[in-house]
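Student: A structural model of the following input is requested.
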Amino acid sequence: MEKDYVYSFDQPFEEININVEKDITLNALLFKTNTTSKGLILYFHGNAGAIHEWGTRASLYTENKFDILFVDYRGYGKSDSFYEEESELYNDAQKVYDYAKTRYDEKNIIVLGFSLGTGFAAYTAAKNRPKLLILEAPYYAWNDFIASIAPVPKMLINYEIPSYKFLKEVTCPIQIFHGTHDFLIKPEENSKRLEALYPEKIKHTMIKGAGHNGIYITKQYYDELKNLLERY
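Tutor: Residues are numbered from 1 along each chain as shown. Now for the predicted structure:
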C-alpha cells in the first residue's frame, strides 16, 4: 500500500504513526465511541489484509462504549520495514502499548488479538497490566501449527510465538472466543489446550457454526461481546 493512501470509513477516525525504532513507524487507526468512553481496546489483527479492511469492524466495539486502536505490523499496509527477528515483534507490541498508555489509563485498556495477533496480544498482556485480554481463534504456539496454516509471510514462518508461555504471566482475566467450525486453527489443538493449562484465569466460549474468519459476524459473538464489555 502506498504511503499516500487515504483511508475512508463510515465513522470518524484518527490516523496515527507510532515510532517503534529509529526510522520505523507502524501505521494505526483510532476510532472513538460517540458516547463517554470506557477505555481503549488495542486490536492486534490477523494475517490477512491490513487496517484499511480491519477498521471496518470498529463499530462492534465503539457501539459498546470503547475506543479501538487498530495497528498494522511491519510489512503491512502503510507500516515501515519488515521483521528480521522474533524479538522485533515483541518490541513493536510493547511500543504500541506504551503509546496507548500515553492516551489512556492502563486500568482502562483491553488487549484483543485475532488469529496471528493473539500471540502478540498474549505477550503484551503478560508484560503489562491491562484490565482484560480477549483472544479470538488463538493458537497454542505459532510453530506448533505452522505447517498446516495457510500461506503466511516468510518472515514469520520460523517464529515460535509461544502463547501458552505468555499466558502463564497474564494477571488479568482472559476471554477466548473460537468458532466450532474453525478448521484452520483448530480449537481442540489450540484454545482448548490453553484453557486446560490455565482454567482459573480463562473463560472459553465456542461460537457455534463459525469458521476461522466468521466469528465476528455472528449474532452469538455480538451478544457475548456486548455482555463482556458491559462488565468492563
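
Student: C-alpha from now on. contacts and neighbour counts both.
Tutor: Will do.

Student: hey, where'd the strands end up in this protein?
Tutor: 13-21, 24-31, 40-44, 67-71, 109-114, 132-136, 174-179, 202-207 (DSSP state E).

Student: got the contact list for the closest residue in space to Asp72 that isn't next to it in sequence?
Tutor: Nearest residue to Asp72 in three dimensions, chain neighbours excluded: Asn27, at 5.7 Å (Cα to Cα, 6 or more residues apart in numbering). Going by Cα atoms under 8 Å, 6 or more residues apart in numbering, Asn27 touches Glu15, Ile16, Asn17, Ile18, Val71, Asp72, Tyr73, Gly77, Lys78, Ser79.

Student: between those, which is nearest Leu60?
Tutor: Sorting those by how near they are to Leu60, with Cα to Cα, puts Val71 at the top with 16.7 Å.

Student: name the nearest residue to the closest one, sequence neighbours excluded.
Tutor: Here the residue nearest Val71, using Cα to Cα, 6+ apart, is Ala28, at 4.2 Å.

Student: if I look at the spatially closest residue to Phe114 that is not a sequence neighbour, what pLDDT would I see?
Tutor: With sequence-adjacent residues excluded and distances taken as Cα to Cα, 6+ apart, Phe114 is closest to Glu136, at 4.7 Å. The pLDDT attached to Glu136 in the predicted structure is 98.

Student: what do you get for Thr62?
Tutor: 98.

Student: cool, and the one 4 residues further on?
Tutor: According to the model's per-residue confidence, Phe66 sits at a pLDDT of 98.

Student: run a quick neighbour tally on it.
Tutor: Residues near Phe66, counting by other Cα atoms under 10 Å, number 27.

Student: pretty sure it contacts Tyr43?
Tutor: No - using Cα atoms under 8 Å, Phe66 is not in contact with Tyr43, being 11.8 Å away.

Student: what about Glu15, how many neighbours?
Tutor: Glu15 has 15 neighbours, counted by other Cα under 10 Å.

Student: for Ala48, see how far away it is.
Tutor: Counting by Cα to Cα, to the nearest Å, the separation of Glu15 from Ala48 is 20 Å.

Student: and Arg57, by the same measure?
Tutor: 14 Å.

Student: which one is the most centrally placed residue in the chain nearest to, not counting chain neighbours?
Tutor: Among the residues of the chain, the one closest to the centroid is Gly113, at 2.1 Å (Cα atoms, centre = their mean). Nearest non-adjacent residue to Gly113, counting by Cα to Cα, 6+ apart: Phe44, 4.6 Å away.
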